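Chemist: Next come a sequence and a model predicted from it.
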Amino acid sequence: MVQVEPITTARVLRGPFDYLRPDGVEVGARLVVPFGHRDVVGVVTGLASESVHELVAPRRVIEPSLPAELVELAFWIAREYCSTPARALSLLMPAPGMRAKTALYAQATGAAAGEPSLNERQRALLASLPRFCGPDTAALRRLEARGLAALAPRVVRRAPEHLQVGARRPVPSLTAAQGAAVAAVLSAGPGEQLLLHGVTGSGKTEVYLRAAAEVLARGQTVMILVPEIGLTPQIVSRFLNRFGDTVAVLHSKLSAGERYDEWIRLRTGEARICVGPRSAVLSPMTDLGLVVVDEEHDASYKHEGDPRYDARLVAERRAHAGVLVAGSATPRPESVSRLRRLRLAQRVDGQGLPPIEVVDMREADGLLHPRTHEALVDARKAIVLLNRRGWSNFLTCRSCGRAWECPNCDVTLVLHRAQGGLACHHCGHRERVPARCDACGSVSIGRHGTGTERLADELATGHQVLRLDADTRDPAAMLARFEATPRAVLVGTQMVAKGHDFPDVDLGVVVDADSTLRFPDFRAEERTFALVAQLAGRAGRGAGGGRVLVQTLDPDAAAIRFAAHHDSDGFLRGELERRELLRYPPFSTLIRVVCSSDARDAPGAALAAAEALRARLGSTAMGPAPLFRLRGRERSQVVVKAGDRHAAIAQVGAAVDEVAALREHRAASFSVDVDPQ
Ligand SMILES: [Zn+2]
Ligand SMILES: [Zn+2]
């Protein structure tokens, strides 16, 4: 018999359930099984010899299966992130209902090739074989009838197209530091974990490429995780150029068919390198010799749905028999304290890092300092970062003071002028730009704060301006345009600070650098440092050098001072001291539970559930603390700060199950986040 976990999102239905074992079925097989009154897809999670129940047979087997090690991974994810095996397994499956695409393929049989009755067109057709029939199917069918050709369906690969960004370059020779890093990766023992801490422009990607080539030559496979494919097309291009079709690329813009085909290529071993964002860590590869997490500081590695897994931790798990390499110019304190560090202290082109000037905005009027305006006039190519999108952050009535807020969330609506509307950045609610105040009828409406749309508009009078933020439909195309334009200013949110490599950017500007510091979060310093250092890393990569201006209201903030001196060691040392003192990660594990309830149907239910939870968790828990209303739901959170990670996860999981099962808390929902970002 087989033990089958049905793939359902219901938390109460926990498998596995027993079924008869079809011939040849092993752990990882996907089956359609009768379950209650319907048929569901399930995964075989175990084999056993006998069962006390009378067993039914599965309806059918779905090919291909999951690798057995992915089943084990699903159970680990479920435990580590307080979720269920079924939910974890559902993330590991290929798109449901997809199958391989086939088309008719014709081959010459070789019979009577010189037959005199063939006309010229038919001879040409025969000479063009073997190939897919395409529009010549009818003509080829006639040749098949005469025994001259054989037609049969064959699988057609739905290959994704990739935009070429960044110049194709010859394989560069390695610097001494790169060579040492490659050697260290290749000589690392199974399960070893390394941190490649290299300044921006120090050639980390080339280290990955060289190590990958050697690991492939050893007969093993390679996984390369990147923050967001749309924003980092350059690294994808470099892997495709170096390794060709053995690279499978997984990302959210693929069609369902393309995604399925790439999944199959990885499962069968036809593709042996996988490049992709967070979810690629779950791809069906076996025998991984190298797992790379590039830009390991990036917050996008955390998954925001249940299970709330962190791809960086999952990557460590997947690399258990190979080597894990996490790379960054601004590594997380967690990684610095845990992984063996390799350094790339110099840029590959021998250029120094660009000088960073902190511009004090306390006395300045307007959004940009006069010095910034001057620098923009002198620059050939500039990148300007302002981490707020839209035109202005909020609107108020000048007569009665009313502010325009989202009806579903306790936040103000952001004006997007080009779209002619106000938008909530949390729930997506949209409404028209108001002509008058509906509270008092006044037509005098104030627009406050500046976002990327307005800044781009202001700069457009003197510069060629391109904008990159979440409103940009095709980020990769926008980056390609910026690359092709000889003189331009790229204005955008933190998206402009991701790992782009344009050699002729000679100015970087951070506007309102302390805005990220004002978030009440223990990672605020880390984020601010990374944002400034990463943006600085985009500038001065070419022969002309470059400079960076950082505008701030808080020029003495440690994160900004260390970033201005390119001193990541100093920053990390101070940050680790501070965290140890306050017992924040990596000196503890944080677990956050958010209780929520419908603000209209069950007001107060979220807070009551959070209080019940807090009472069960005792003194290790903090809260409940109210969060702003989101999507029409009241929210309240409890945070646990624990020394013993696994005990705390188990304790929180049990407490949530207990409270969720109580009648008086049935209106509340619970979301558990281990290692919240
Ligand atoms: Zn008013
Ligand atoms: Zn909203």
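Modeler: On my side now, so go ahead. Ligands and ions are numbered 1, 2, ... in the order given.

Chemist: what residue ranges in the stretch 151-300 of the chain are flagged as low confidence?
Modeler: Where the stretch 151-300 of the chain drops to pLDDT under 70, the residues are 162-169.

Chemist: same question, the stretch 401-550 of the chain
Modeler: Applying pLDDT under 70 to the stretch 401-550 of the chain picks out residues 499.

Chemist: who in it is up against ligand 1?
Modeler: Arg402, Cys437, Ala439, Cys440, Ser442 (CB under 5 Å from the ion). (C-beta placed from N, C-alpha, C; glycine too.)

Chemist: Just the buried ones from these?
Modeler: Neighbour counting by 16 or more other CB atoms under 10 Å classes Arg402, Cys437 among these as buried.

Chemist: Make TSV out of the residues of the stretch 401-550 of the chain next to ligand 1 and add secondary structure and distance to Ala667.
Modeler: Output for those, formatted as TSV (DSSP: H, G, I helix; E, B strand; the rest coil; distance: CB to CB, whole Å):
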residue	secondary structure	distance to Ala667
Arg402	coil	31
Cys437	coil	35
Ala439	coil	32
Cys440	coil	37
Ser442	coil	40
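
Chemist: can you list the residues of the stretch 401-550 of the chain next to ligand 1 in TSV and add distance to Glu304?
Modeler: Below are these laid out as TSV (distance: CB to CB, whole Å):
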residue	distance to Glu304
Arg402	32
Cys437	36
Ala439	35
Cys440	39
Ser442	40
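
Chemist: Tell me the one of the residues of the stretch 401-550 of the chain next to ligand 1 nearest Glu526?
Modeler: Arg402 (37.2 Å; CB to CB).

Chemist: these two touch, right, the closest one and Pro434?
Modeler: No. Using CB atoms under 8 Å, Arg402 is not in contact with Pro434; the gap is 9.8 Å.

Chemist: got a list of what whatever residue of the stretch 551-677 of the chain ends up closest to ligand 2 touches?
Modeler: In the stretch 551-677 of the chain, the residue that lies nearest ligand 2 is Arg631 (6.5 Å; CB to the ion). Shown in contact with Arg631 (CB atoms under 8 Å, 6 or more residues apart in numbering): Asn408, Cys409, His426, Cys427.

Chemist: Arg481 too?
Modeler: Applying CB under 8 Å, 6+ apart to Arg481 gives the contacts Leu466.

Chemist: Please put the alpha-carbon coordinates of the strand or helix carrying it into PDB.
Modeler: Per DSSP states H and E, Arg481 falls inside helix 475-484. What follows is helix 475-484 as a C-alpha-only set of coordinates in PDB (Å, rounded to 0.1, in the frame of the first residue of the first chain):
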ATOM      1  CA  PRO A 475      11.000  46.600 -16.400                       C
ATOM      2  CA  ALA A 476      13.500  44.700 -18.600                       C
ATOM      3  CA  ALA A 477      12.600  46.700 -21.600                       C
ATOM      4  CA  MET A 478      13.000  49.900 -19.600                       C
ATOM      5  CA  LEU A 479      16.400  48.900 -18.500                       C
ATOM      6  CA  ALA A 480      17.400  48.000 -22.100                       C
ATOM      7  CA  ARG A 481      16.200  51.500 -23.200                       C
ATOM      8  CA  PHE A 482      18.300  53.100 -20.500                       C
ATOM      9  CA  GLU A 483      21.300  51.100 -21.600                       C
ATOM     10  CA  ALA A 484      20.800  52.200 -25.200                       C
END
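
Chemist: what comes up buried for it?
Modeler: By neighbour count with 16+ other CB under 10 Å, helix 475-484 contains the buried residues Pro475, Ala476, Met478, Leu479, Ala480, Phe482, Glu483.

Chemist: now the contacts of Arg631: which count as buried?
Modeler: Among those, the ones that count as buried by 16+ other CB under 10 Å are Asn408, Cys409, Cys427.

Chemist: Quick one: those residues as TSV, columns for secondary structure too.
Modeler: Listed next are those as TSV, based on DSSP: H, G, I helix; E, B strand; the rest coil:
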residue	secondary structure
Asn408	coil
Cys409	coil
Cys427	coil
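
Chemist: Tell me the one of the residues you listed nearest Lys204?
Modeler: Using CB to CB, the buried ones among the contacts of Arg631 come closest to Lys204 at Cys427, 37.5 Å.

Chemist: Spit out the contact partners of that closest one.
Modeler: By CB under 8 Å, 6+ apart, the contact list for Cys427 reads Cys406, Asn408, Cys409, Leu630, Arg631.

Chemist: Quickly list what Ser328 is bridged to.
Modeler: On the basis of DSSP bridges, Ser328 is bridged to His197.

Chemist: quick check, nearest of the buried residues of helix 475-484 to Arg218?
Modeler: Ranked by distance to Arg218 (CB to CB), the buried residues of helix 475-484 are led by Ala476 at 32.8 Å.

Chemist: Cross-check the contact I'm expecting between the closest one and Gly230.
Modeler: Yes. Applying CB under 8 Å, one finds Ala476 in contact with Gly230, separated by 5.4 Å.

Chemist: Just give me the closest of the residues of the stretch 401-550 of the chain next to ligand 1 to Ala533.
Modeler: Proximity of these to Ala533 was ranked by CB to CB; the top entry is Arg402 with 40.8 Å.

Chemist: In space, what's closest to the closest one - neighbours in sequence excluded?
Modeler: Nearest non-adjacent residue to Arg402, counting by CB to CB, 6 or more residues apart in numbering: Ala439, 4.7 Å away.

Chemist: quick one: contacts of the helix or strand following the helix holding Arg481?
Modeler: On the C-terminal side of helix 475-484, the nearest following helix or strand under DSSP H and E is strand 488-492. Strand 488-492 is touched from outside by 376, 379, 381-386, 452, 455-456, 459, 463-469, 472, 482, 496, with contacts defined as CB under 8 Å, 6+ apart.

Chemist: Would you list the strands that the very next helix or strand once past strand 488-492 pairs with, along with their directions?
Modeler: Sequence order places strand 507-510 as the next helix or strand after strand 488-492, per DSSP H and E. Sheet partners assigned to strand 507-510 using DSSP bridges are listed as strand 381-385 (parallel), strand 547-552 (parallel).

Chemist: Out of those strands, which gets nearest to Leu73?
Modeler: Of all the strands paired with strand 507-510, strand 381-385 comes closest under CB to CB, at 37.0 Å.

Chemist: what's the following helix or strand after the closest one?
Modeler: Criterion used, DSSP H and E; the element after strand 381-385 is strand 394-397.

Chemist: How about that following strand and ligand 1, touching?
Modeler: Yes. Residues of strand 394-397 contacting ligand 1 under CB under 5 Å from the ion: Cys397.

Chemist: and that strand, what does it pack onto?
Modeler: If contacts are counted by 3 or more CB pairs under 8 Å, 6 or more residues apart in numbering; DSSP states H and E, strand 394-397 sits against strand 414-416, strand 445-448.

Chemist: So which of those is the most surrounded?
Modeler: Mean neighbour count (mean count of other CB atoms under 10 Å) peaks for strand 414-416 among the helices and strands packed on strand 394-397, with a mean of 23.

Chemist: Next one: that one, is it in contact with ligand 2?
Modeler: No. Residues of strand 414-416 are not located near ligand 2 by CB under 5 Å from the ion, the shortest gap being 10.4 Å.

Chemist: Counting by contacts, list what the helix or strand following that strand packs against.
Modeler: With elements assigned by DSSP H and E, the helix or strand that comes after strand 414-416 is strand 421-423. Contact partners of strand 421-423 among helices and strands, from 3+ CB pairs under 8 Å, 6+ apart: strand 414-416, strand 430-432.
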